[in-house]
Structures are given as structure tokens and as C-alpha cells.
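>>> Let's see this in three dimensions:
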Amino acid sequence: MRLPDIAYLTDIYLDFGAVAVLPELLERLGVKRPLVVTDAGLVKLGYVKQLKLGKPAVFDEIETNPTEASLLKGVAQYKKSKCDGIVALGGGSPMDLAKLLGVLATHPEPIEQYAIVRGGIPKITSKVPPIVAVPTTAGSGSEVGRAALLTLNSGRKLGFLSAHLLPKAAVCDPELTLDLPPGLTAGTGMDAVSHCVETFCSTKVNPVADAIALDGLGRGWKYIRQAFADGKDRPARREMMLCSLMGGLAFQKSLGAVHSLSHPMGALKSRRLHHGTLNALFLPPVLRFNRDACAEKMDAMAKVIGAPSGAALPEAFAKLNEDLKLPARLSEMGVEREDLEPLAPLAVEDHCTPTNPRTLDVAAARRLYEEAW
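Numbering: from 1, shown residues only. Just a heads-up that it's a prediction; the model follows:
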């Protein structure tokens, strides 16, 4: 019996070829009929077959930013197929939806009652079925996270949090990321980097998570350009998967204004905006905004990436985005100024806002959106 390579919050199997452990792992968890939650593109590319699960039930109707409508379809599929566990295969969107599918498979509707801002954390119980996460990107860290995001039918994008949403195991096989195209490598990679930055700067006190976040930042900074330039660079892919993992493991500290600004934009029905790309774009202006509120932490991050001082971080990350050919402004992503008008209050209400090192009010959120546009 193979033992996990890492046991911290949950069991993690990390190496090239690690996906081979999945059938045995599900058996140990008592899962006889898993539902594979993934996206249609990965099904078409043969990723489900690589799981070696025979002919499992599959739900693949997932959008870039998962929606309540998609969730309800997935719950119906889970019940119809008489499943007893979930395999989340893909990036952050399938993983988020898989976690919430597990909630509604065993808890009453509506899903909104379980959101953080609705006081829903204690309503999610241990009845959630076993979830095993198999990431195919190195970005979201959701494979080792207790949280999920969902765009409701109302248009609000809300966060959900519970220890019962933490996957029973994460099977992190860098082999599954080798064919990720450069654009997604950049966007998902910067998602991971932004998690390391924001968790480190969070106002919560957790020195263990701080150490993990700094180490993850160092790995991401060193290897993201290599993974972007050559997707078949196996050491770079492994290091980026570690960066993603570490960002996820540091989620215990929560996040900050980068994500507060990004989340409402991901819910815009008229746009299809990639979450990690948004995070990359918001990093420079938010670091400038937070500078005086966490100067020592900024200096510590500068030391890790080789910048002269914390004051140089915004420009360093702007240059990294440029090297990765990521947009520098929201307008380059097709965002219109009028799209931004209703978003500032939503950003302030976001569950990540309370742990930002500097108070984010509506006026400040508007200024940051304008600066990013």
C-alpha cells in the first residue's frame, strides 16, 4: 500500500505517475461508484481514461466560473447514477463545483444558505461524501483547500468554507499538466503565486502558513517563466504544482483585496474572465495599496524573489505579467468601464476583504478598479 508523500491537512500524493494510486485510494475510502466531475475539454482529451476507473459516471457541464445552474445538474447526475463519492478532475472550476456538489448531494437546498457571508459555515456537516481531487493545472490550490466559489442564479459570486469540503486526498501528478498551453500555464500559475502573496500578507496570525506561503512564492517566481516557455519542462512543472499546493495549504490564513476585486468580476455574465489572469492583473495595484500596511512582509517577499525592496514589488510583478504575456489592464480583457460600476460594494462585502492588511472601503475599491482598467 502506497503511503501519501505529504500529510498536512489532507493526504497528498505528489509525483509523476501519482495518478496510478487513484483506484486503490478510492477503494480505501469505500467509494464504489465515483462521479468524475470535470470539464468537457478534458473528457475529449482523454484525461478521464487516464484515471483507470473503468467507465465511471461523469459530469462535465462546467463553465469557467461554475454556476448554480451547473451545480444543480451535477447533483441530479450524482443521484441518478447512485454515486457514493466524487473525483474532482481539472482546475479550480471543477474542484469548486465538486465540493458544492458534495454538499447538495447530502444537504437540503438552496446552496446559498451555506455561503460564508450567509453564516453557512456550521451548516455544512460531515455528511459530505468523500472527495478526491486530481488537479490538471498548477494554480487554484483547491485540491488542498476548504473553500469553494460559485456564481449564484442571482448573479452574486459567493464563497463557501468548511473543513468538510477539504478533499480526503489530493493526487497531484505533474504529468497531467505537461500539455497545458502557455496562456493557461501563465494564468493558472499566477493564480498560485497570488495565493502565496495574499496569504502571507493576510492579517491572520499563522507562522506555519507564512513559511509555506513564502516557500511557494519562491518556487513560483523561479519556475513560472520556464513552465511558460517550455510546457514539457518536467522539473518546472513539478515546482509549479508545488507552488500551487503551497498556496492552497496557506489558505488557512485567508486572502485579501486581490481576490476581493477579482471575485465579482468573475461573476460578470457578459464576460468570460479567467480568475488567475484577473489575480495577476490586480497584484501590482493592490501591492501598492497595501505597501505601508505590511512593509515588513513586503520586504520579506522582495528578499525571496530577489527584488531590491518591498517598494519594488508592484513593478516586479508587473514585469512578470509582461513576460508571461498577460494583460496589464482590464480594458485589454474586453472589460468596459460601465462593467465596473456595480462592483466596488461587492468587493468590500467579499469574504476575503476582512484579512486584507489595509482597510478596503467602497471608495478604495473603486480607485483600484479604475487603476486596473
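>>> and the helix ranked longest in the chain, what other elements does it pack with?
For the chain, the longest helix by residue count, based on DSSP state H, is helix 207-229. Here helix 207-229 touches helix 182-201, helix 234-249, helix 295-305, helix 313-323, going by 3 or more CB pairs under 8 Å, 6 or more residues apart in numbering; DSSP states H and E. Using the backbone N, CA and C atoms, a C-beta is placed for each residue, glycine as well.
>>> now with 7 Å?
The contact analysis (3 or more CB pairs under 7 Å, 6 or more residues apart in numbering; DSSP states H and E) places helix 207-229 against helix 182-201, helix 234-249, helix 295-305.
>>> Dump those to TSV, plus distance to Leu97, mean neighbour count and mean pLDDT.
Listed next are the helices and strands packed on helix 207-229 as TSV, based on distance: least, CB to CB, whole Å; neighbours: other CB atoms under 10 Å; pLDDT from 0 to 100:
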stretch	distance to Leu97	mean neighbour count	mean pLDDT
helix 182-201	17	26	96
helix 234-249	17	25	96
helix 295-305	32	17	97
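>>> Tell me how far stretch 184-197 lies from the chain's centre.
In this view, stretch 184-197 has its centroid 9 Å away from the chain centroid, taken as CA atoms, centre = their mean, to the nearest Å.
>>> same thing with stretch 110-128?
What separates the centre of stretch 110-128 from the centre of its chain is 19 Å, taken as CA atoms, centre = their mean.
>>> List the buried residues in it.
For stretch 110-128, a neighbour-count test (16 or more other CB atoms under 10 Å) marks Ile111, Glu112, Tyr114, Ala115, Ile116, Gly120, Ile121, Ile124, Val128 as buried.
>>> Closest one of these to Ala300?
Nearest to Ala300 among the buried residues of stretch 110-128: Ile116, at 28.6 Å, using CB to CB.
>>> mind checking how far the closest residue to Lys204 other than its chain neighbours is from Lys79?
Nearest non-adjacent residue to Lys204, counting by CB to CB, 6 or more residues apart in numbering: Lys253, 4.4 Å away. The span separating Lys253 from Lys79 equals 36 Å under the rule CB to CB, to the nearest Å.
>>> These two - which one has more neighbours?
Per other CB atoms under 10 Å, whichever of Lys253 and Lys79 has more neighbours is Lys253, with 21 against 12.
>>> dump the residue contacts of that one.
Applying CB atoms under 7 Å, 6 or more residues apart in numbering to Lys253 gives the contacts Thr199, Ser202, Lys204, Asn206, Ala209, Thr355.
>>> buried subset of those residues?
Thr199, Ser202, Ala209, Thr355.
>>> Dump those residues to a markdown table, plus distance to Tyr8.
Formatted as a markdown table, the buried ones among the contacts of Lys253 follow (distance: CB to CB, whole Å):
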| residue | distance to Tyr8 |
| --- | --- |
| Thr199 | 15 |
| Ser202 | 18 |
| Ala209 | 11 |
| Thr355 | 21 |
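>>> so which pair among those is furthest apart in space?
The most widely separated members of these, counting by CB to CB, are Ala209 and Thr355 (11.7 Å).
>>> export the helices and strands packed on helix 207-229 to CSV and tack on distance to Glu27?
Shown next, in CSV, are the helices and strands packed on helix 207-229 (distance: least, CB to CB, whole Å):
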stretch, distance to Glu27
helix 182-201, 30
helix 234-249, 24
helix 295-305, 41
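>>> nearest to Ala105, of those helices?
Per CB to CB, nearest to Ala105 of these: helix 234-249, 23.1 Å.
>>> now for the closest one, which elements pack on it?
helix 182-201, helix 207-229.
>>> For this protein, which segments are assigned as helices?
Using DSSP H, helices in the chain cover 22-28, 40-44, 68-80, 92-106, 182-201, 207-229, 234-249, 257-266, 275-290, 295-305, 313-323, 337-340, 343-349, 362-372.
>>> follow-up on the earlier one: next step: the buried residues of stretch 110-128 restricted to strands.
Applying DSSP state E to the buried residues of stretch 110-128, no entry is found in strands.
>>> Tabulate the residues you listed in JSON lines, adding columns for pLDDT and distance to Thr10.
Shown next, in JSON lines, are the buried residues of stretch 110-128 (pLDDT from 0 to 100; distance: CB to CB, whole Å):
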{"residue": "Ile111", "pLDDT": "96", "distance to Thr10": "23"}
{"residue": "Glu112", "pLDDT": "96", "distance to Thr10": "26"}
{"residue": "Tyr114", "pLDDT": "96", "distance to Thr10": "20"}
{"residue": "Ala115", "pLDDT": "94", "distance to Thr10": "23"}
{"residue": "Ile116", "pLDDT": "90", "distance to Thr10": "20"}
{"residue": "Gly120", "pLDDT": "95", "distance to Thr10": "22"}
{"residue": "Ile121", "pLDDT": "92", "distance to Thr10": "18"}
{"residue": "Ile124", "pLDDT": "97", "distance to Thr10": "16"}
{"residue": "Val128", "pLDDT": "97", "distance to Thr10": "13"}
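>>> Thanks again, I'm all set now.
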